[in-house]
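Engineer: Okay, sequence plus prediction incoming.
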Amino acid sequence: MSILLIPIAPLSRTKSRLRDCFSVDQLRDLTIAMFKDLGKTLAQVDCFDQKIVYCNTPEILEIANNYDLIGIKEELTIPPKSFDNVIKDLNNIAIKHYNAEQTIFSFLDLILISAENFYEINTLIKKNQLVICPAIHSAGISILGRNPPEIISSYFSHPNKPSLIALLNNAYNRGIDKIAIYDSFRAGFDIDIKQDLVLAYEYLKILKLMDTEVFRFLKSNLKYSIKKIDANNNRSFKITERK
């Protein structure tokens, strides 16, 4: 059984690093927009035995049902669990209740991800112990597949190493050698900071993904644009107020 798992933070805590860009209500709307787009994409994907959304917010679970996704309510704790413990809990649910033989974790903010990406990832996890898609803008992980699901812990909450490096170091130390690095711009692009929002708006236009909830949200709400500082250096730019 190959199970796709999508953990989603409660709407009250969603995308806190973007609070200098959007109000709490706007972040809620952005999260819902991202989830609806993901639901539409997953409606084209039938290679997984189950597709599970894990969230505490009833509205997200209701939307999940609209797209034939299994919604499971996360029980919140005080203090909140680390992200690795949330991942562990959901992974255990997939094993105990859905007989998972492989689990693939994907995340809400991969706004460019395609149905083809999910098919390719599912094919890779059948042949490998780990499938990892590195995040484009960091040494993080945008997709994590494990076969079997408990072969290694995740390291999203590692205290001093980026998750990609921490995971690979521990995998090598454990003798895990069937590792597929899924090199994909579309599956590796996520939204975490202001710069990502500006690039997301441009990439959605480049990839002709203007008929999406996220594009419509950004078109109406994003106040920023990107501007080069050095005409000869594409890495030298600043975020400016959109005119």
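Structural biologist: Alright, I've got the coordinates.
Engineer: what residues does the helix or strand harbouring residue 202 touch?
Structural biologist: Taking DSSP states H and E as the definition, one finds residue 202 inside helix 194-206. Contact partners of helix 194-206, identified using Cβ atoms under 8 Å, 6 or more residues apart in numbering, comprise 18, 20-21, 111-112, 137, 189-191, 209-210, 212, 214-215, 218-219, 222, 224-226, 239. Where you see a C-beta, it was placed from the backbone N, CA and C, and this is true even at glycine.
Engineer: What's the ChimeraX syntax to select whichever of these are buried?
Structural biologist: In ChimeraX, this line selects whichever of those come out buried by 16 or more other Cβ atoms under 10 Å:
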select :18,21,111,112,137,189,190,191,209,212,214,215,218,222,224,239
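Engineer: Which members of the contacts of helix 194-206 occur in helices, if any?
Structural biologist: Residues of the contacts of helix 194-206 located in helices (DSSP state H): 214, 215, 218, 219.
Engineer: got a list of what the spatially closest residue to residue 14 that is not a sequence neighbour touches?
Structural biologist: Nearest residue to residue 14 in three dimensions, chain neighbours excluded: residue 31, at 4.4 Å (Cβ to Cβ, 6 or more residues apart in numbering). In this structure, residue 31 makes contact with 8, 11, 14, 15, 60, 108, judged by Cβ under 8 Å, 6+ apart.
Engineer: Which helix or which strand is home to residue 31?
Structural biologist: Going by DSSP H and E, residue 31 is in helix 24-42.
Engineer: any idea how far that helix is from the chain center?
Structural biologist: Distance of helix 24-42 from its chain centroid, counting by Cα atoms, centre = their mean, to the nearest Å, is 12 Å.
Engineer: could you check the angle helix 213-221 makes with it?
Structural biologist: With axes from the mean of the first three to the mean of the last three Cα atoms, to 10 degrees applied, the angle from helix 24-42 to helix 213-221 works out at 150 degrees.
Engineer: Much appreciated, bye for now.
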